[in-house]
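>>> quick check, what structure comes out for this input:
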Amino acid sequence: MSSTTTTTTSAPARRAASLTDPRYQAFVILRIGFTVAPILFGLDKFTNLLVDWPVYLAPWINDIVPGSAQQAMYAVGVIEIVAGVAVALAPRFGGWLVAGWLAGIIVSLLTIPGHYDIALRDFGLLLGAVALARLAQHYHGERQPH
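Residues are numbered from 1 along each chain as shown. Below you'll find the model as predicted:
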């Protein structure tokens, strides 16, 4: 008769081990960043303390949305806050949501002369959001063998 011995690792030990993994650290950094930044920038759409946000709305978009550019920024702020919360709660979905939102921002910025540098920066952020979504697939998706 053979005896099967299984070892189980406690949750705190698994957590400590994963915190030493550079891949998991990258996931945590991206998750925190893409939670906090959209929420803060979304809130700032209501105050314009950091930036005069309506300047970054392409005129053709301003022409098709109802109301003023500032009112459009209020809607943008709500969407960004929701995106940040989505990253916090469901990073597999939230990462793709932020990436899609950034793609829309990039399209808008590319149609405003003089904003190409910001579009390029946002493309880098889009890549980070995609990396977050992919890492979340691994860490919060169906568990796969390492």
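>>> which residues does the longest helix seen in the chain contact?
In the chain, with assignment by DSSP state H, the single longest helix is helix 116-140. Applying C-beta atoms under 8 Å, 6 or more residues apart in numbering, the external contacts of helix 116-140 come out as 23-24, 26-27, 30-31, 33-34, 56, 87, 90-96, 98-99, 102-103, 105-106, 109-110, 144. C-betas here are computed from N, CA, C, even on glycine.
>>> what do you get for stretch 51-67?
With C-beta under 8 Å, 6+ apart, stretch 51-67 has contacts from 44-45, 48, 68-70, 72-73, 75-76, 108-109, 111-112, 115, 118.
>>> apply 10 Å and report the result again.
With contacts defined as C-beta atoms under 10 Å, 6 or more residues apart in numbering, stretch 51-67 is touched by 41, 44-48, 68-77, 104-105, 107-112, 115, 118.
>>> and the angle for the host helix or strand of A83 with helix 116-140?
Element membership for A83, per DSSP states H and E: helix 69-89. On the basis of axes from the mean of the first three to the mean of the last three C-alpha atoms, to 10 degrees, helix 69-89 is oriented at 30 degrees to helix 116-140.
>>> show the subsequent helix or strand relative to helix 69-89.
Next along from helix 69-89, by DSSP H and E: helix 91-110.
>>> could I get the buried residue list for that following helix?
By neighbour count with 16 or more other C-beta atoms under 10 Å, helix 91-110 contains the buried residues 91-92, 94-99, 101-102, 105-106, 108-110.
>>> okay, it in CSV with CA atoms only?
What follows is helix 91-110, C-alpha atoms only, in CSV (Å, rounded to 0.1, in the frame of the first residue of the first chain):
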residue,chain,number,x,y,z
PRO,A,91,-7.9,43.9,-14.4
ARG,A,92,-8.4,41.3,-17.3
PHE,A,93,-11.3,43.4,-18.5
GLY,A,94,-10.1,46.8,-17.2
GLY,A,95,-6.8,46.6,-19.0
TRP,A,96,-8.5,46.2,-22.4
LEU,A,97,-11.0,48.9,-21.5
VAL,A,98,-8.2,51.4,-20.7
ALA,A,99,-6.3,50.3,-23.9
GLY,A,100,-9.4,50.9,-26.0
TRP,A,101,-10.0,54.3,-24.4
LEU,A,102,-6.4,55.3,-25.0
ALA,A,103,-6.8,54.3,-28.7
GLY,A,104,-9.7,56.7,-28.9
ILE,A,105,-7.7,59.4,-27.3
ILE,A,106,-4.8,58.8,-29.7
VAL,A,107,-7.1,59.1,-32.7
SER,A,108,-8.4,62.4,-31.3
LEU,A,109,-5.0,63.8,-30.6
LEU,A,110,-3.6,62.8,-34.1
